[in-house]
Every structure is written in C-alpha cells, then in structure tokens.
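Novice: need a structure here:
(chains A, B, C and D)
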2 protein chains.
Amino acid sequence: MGEIELVLKKHQIRPTAIRLLMYRFLTEKNVAVTLNDIEAGFDKSERTTLYRTIKTFEKKGLVHQIDDGTGVAKYALDENTLKVGDSQDLHLHFHCTKCNETTCLTDHKIPHISLPKGFVSKDMNLVIKGICDKCSNT
Amino acid sequence: MGEIELVLKKHQIRPTAIRLLMYRFLTEKNVAVTLNDIEAGFDKSERTTLYRTIKTFEKKGLVHQIDDGTGVAKYALDENTLKVGDSQDLHLHFHCTKCNETTCLTDHKIPHISLPKGFVSKDMNLVIKGICDKCSNT
DNA sequence: GAAAAACATGCAACTAAAGTGCATAATTAA
DNA sequence: TTAATTATGCACTTTAGTTGCATGTTTTTC
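Specialist: The predicted structure is shown next:
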C-alpha cells in the first residue's frame, strides 16, 4: 500500500483513484490552488467530483481553505497531514498581487490579539497582500 | 447643504439622491453590509446602481471592502470619512459565526509582522471568527 | 442660458464559481 | 452474495459580481 493511501486512510478517507491523484497533485504544488487549477491538472474527471473531493479533504482535515481576497477559494494541504484532528495551526497567508499566487507562511504564526469584552475567538484568517519573493527579484 | 452632501463633495463624489441615501444607510449600520443588505434597505433603485454606487464610494475612499470568509463582499464606512486620501487604517474585523455579522474593530490595529526575505507587504486583511458580544450574552 | 461634454441611472444580459439532485458505479459491511 | 453505504458523472440551479448600452441628469464651457 502506498504512502498516500495510508495518509488518506488515517483521515478516514477512502483511497479512490481520483483522491490519490489529487493528494499527489496538492503535494507537488507549494502554493494554494483553486478548483480551476485542480481541474486544469486533470485531463479526465468531472469538476463536480473534484469539487466534492477537495471538500471531503477539507472536512477530514487534510487541506484548509484560504480566502485571499481574490474572491476565489483556494486550498492547500495542511502542514502536518500525518497528525489527525484539529491541528488548528493558525499560520498566515501571503497573496502576491503580481503573480496572484498565495503561499502558506507556516512558520509565521498569527500573534495573539486581545478582543473587546464579550467577543470569543474561535478561528482567524490573516492574509498579507504584496509582492512575493519571486516577483520582487525580477 | 446637508452634512452628508459635504462629505461626499470632499471625496469628489457627486451628491445624488441615491448616494445621499446610501451614505445615510451606511452610517446607521454599525456592522459591515453586503450588497444584498443594501438592496433590501432600498425599496426603489436598481441592484446595478447600488453596486456601482458602493464601488464609487470604495474607489473614492469612503468605504472599505471586507472579505470575512463568507464568500460575499461586505462594505463598511471608513472610520474617518472627513479626512480625504489613503488613510490605510489597517484595523481588524470580527466575524460572528452565529449571527453572521461582521464588525470593524477599529481600535484594534493589526500588529506588525516580519516577513521572509523578498516579501513586500502592501496591505493586509485580518478576520477573527468566533462569537460576538451580542451572541455570547444570550 | 443654451449646447456640449461628462457622468449617473436603469434595464438586460453575461460570467464565473459554488452548490444540489439524481441516477449509476463502486466499495464496504452483514 | 446480498444489502447498505459511499463515490462519481452529468445536468442543472443559484448567487454574486460585472459589463454594455440607451436614456436621463448634471456640470462645464462658451
């Protein structure tokens, strides 16, 4: 049994052909991808299936959705996919307005922020927009 | 001439009837509103016109768009609308997952974050999700 | 103050992404 | 091996965002 198969099983995801392929696709990319990116990476298979597959991955805690302000949902593999459960690593995301790529800056944790009385924080999303390293070196 | 009319003129926005109404509508709300919210607040007038009006407000620096992760764009008046120009107040936003309201926490500035070499920050968006004060007191 | 230019509005239509319903196929459990 | 569950493919719907164009209104210019 392949390694990817094991990862999926650990997350209680049935390792079908498409799912294995999508997982590999995600590991090969080091930036967040849209559903369109995924679709473009697979000659075969339906948009709906890919949509439901990525949603399954999300539900099972294999990927997280990123909202970088472009209006299109992006997805990226969770850092520690071997660990199951709410890892809740609140890293920040960088969106390059030049190349439109969004990167997980997993080493950069979001600093603690004190909220007004009565507000309870459960989750947070921090996106920094600007020019990425690749684009600024051009 | 009314006060709102003056505010609009200061931002080089022609004070038409709809614009005056929308500005007042925005001041009355203390949470961010979607285009649908705006539409619901006006019996008359076209969705397109309201859309273009809010976009004009945004372009002229009267409102800012907020991306709270719900997938729908929300808008809120800038804090200091009497001042013209790039105020760029990077406050954070709180999105309540219970009542679905998004509030500007204008007093809470986003802390400075150091980025990896080569990354240049131009703008940032921080949304904290959780339960707001109104919903937690219920 | 009239004509021209610039801008605002309303209507229709289009686009893109997200999501649902349902039939069929495949996989797992009994 | 049959029943139950889950996955996939296709068509279709929904919703938000956006654009084109004709008409209406305001501002500018002479």
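Novice: name the helix or strand for A:G61, please.
Specialist: Using DSSP states H and E, A:G61 sits within no helix or strand.
Novice: can you check the pLDDT for it?
Specialist: A:G61 is assigned a pLDDT of 93 by the prediction.
Novice: I'd say it and A:D78 touch.
Specialist: Yes - the pair A:G61 and A:D78 qualifies as a contact (Cβ atoms under 8 Å) at a distance of 6.5 Å. Placement of C-beta: from N, CA and C, glycine included.
Novice: whether the longest strand along chain A contacts DNA strand C - can you check?
Specialist: Looking across chain A with DSSP state E, the single longest strand is strand A:120-131. No - between strand A:120-131 and DNA strand C, judged by Cβ under 7 Å from any atom of the strand, nothing touches; the nearest distance is 14.9 Å.
Novice: what about that strand and chain B, touching?
Specialist: Yes - Strand A:120-131 reaches chain B (Cβ under 8 Å from any Cβ of the partner chain) through A:120-131.
Novice: what angle do that strand and strand B:120-131 make?
Specialist: Here strand A:120-131 runs at an angle of 160 degrees relative to strand B:120-131 (axes from the mean of the first three to the mean of the last three Cα atoms, to 10 degrees).
Novice: quick one: buried residues of strand A:120-131?
Specialist: Residues of strand A:120-131 classed as buried by neighbour count (16 or more other Cβ atoms under 10 Å in any protein chain shown): A:120, A:124-131.
Novice: do stretch A:131-138 as well
Specialist: Those would be A:131-132, A:135, for stretch A:131-138 by 16+ other Cβ under 10 Å.
Novice: contact partners of it?
Specialist: Applying Cβ atoms under 8 Å, 6 or more residues apart in numbering or on different chains, the contact partners of stretch A:131-138 are A:94, A:96-99, A:101, A:103, B:116-120, B:122.
Novice: and the closest residue to A:N30 other than its chain neighbours, what does it touch?
Specialist: Using Cβ to Cβ, 6 or more residues apart in numbering or on different chains and skipping the chain neighbours, the partner closest in space to A:N30 is A:T103 (7.4 Å). Residues in contact with A:T103, defined by Cβ under 8 Å, 6+ apart, are A:30-32, A:93-94, A:96, A:132.
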